[in-house]
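1. would you be able to build a 3D model of this:
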Amino acid sequence: MSKKMAIIATKGTLDMAYPPFILGSTAAALGYDVQIFFTFYGLQLLRKDISDVKISPLANPAMPMPIPMPVMVQMLPGMESMATMMMKEKLKKHGVAPLEQLRELCLEADVKFIACQMTVDLFEFDKSDFIDNVEYGGAATFMEFAGETDICLFV
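-> The predicted model follows:
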C-alpha cells in the first residue's frame, strides 16, 4: 500500500505557487498517492495560462530584495511587476523549472488536482477557464482523501 499526501493550495501568487507543485511532483516521484486541493486564490494555479502569476513585495517582509525598501516604496505602481520580474530571473538563473512545467510534471505523475467547487461558484469561474484533468469537489471530497493520508500540508 502506497503512502498518501494531501496538499491544500490557497494562494495564487508566484511565491506560493511553487510549493504545492514541487512537493506534489516530488512525492509522486517517490511513490506517494498525491492530491492537491485548490481553493480560493489557489484556483489561479489551475488556469490555462499561469504565465502572468505575480509576486508582491508588499506585506511580504521575508522577500529578499537587493536593497532594503520601505513599505511606502513597495506600494508604488510597478513594484509588483518589478518584483515578479526579479523573482522569475532568479528562478531561471538557478535552474528552477517554470510553473507550467512543474504543473505538467504533476499531471504526468498522476497527481490529482481538485478544484474547490464552492470557490469556483463563489468567484463565478467557468470550468473552461481551467486546464483539463481537473476534478471538482468540495471540502468533503478533499477530507475523504486527507483523512487517510500520511502527510497533509496547507500551503
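
2. helices of the protein, start to end?
-> For the chain, the helices defined by DSSP state H cover 14-29, 71-74, 79-93, 99-108, 117-122, 139-146.

3. which stretch among the ones you listed is buried most, on average?
-> Burial of those is given as mean neighbour count (mean count of other C-beta atoms under 10 Å); helix 14-29 ranks first at a mean of 20. In short, each C-beta sits where N, CA and C put it, glycine included.

4. how far does it sit from its chain's centre?
-> Computed by C-alpha atoms, centre = their mean, to the nearest Å, the separation of helix 14-29 from the middle of its chain amounts to 7 Å.

5. contacts for it, please.
-> 5, 7, 9-11, 34, 36, 42, 45, 50, 53-55, 60, 63, 84, 87-88, 96, 99, 102-103, 105-106, 109-111, 151, 153, 155 (C-beta atoms under 8 Å, 6 or more residues apart in numbering).

6. give me the buried subset of the residues you listed.
-> 5, 7, 9-11, 34, 36, 42, 45, 50, 53-55, 63, 84, 87-88, 99, 102-103, 105-106, 109, 111, 153, 155 (16 or more other C-beta atoms under 10 Å).

7. for this structure, what are the low-confidence residue spans?
-> Applying pLDDT under 70 to the chain flags the ranges 57-76.

8. quickly note the distance from the most centrally placed residue in it to Asp52.
-> In the chain, the centroid-proximal residue (C-alpha atoms, centre = their mean) is Ala17; its distance is 3.0 Å. From Ala17 across to Asp52, the span is 12 Å (C-beta to C-beta, to the nearest Å).

9. name the nearest residue to Phe130, sequence neighbours excluded.
-> Leu46 (4.5 Å; C-beta to C-beta, 6 or more residues apart in numbering).

10. isn't the one you found right up against Ile36?
-> No: here Leu46 lies out of contact with Ile36, judged by C-beta atoms under 8 Å, at a distance of 9.4 Å.
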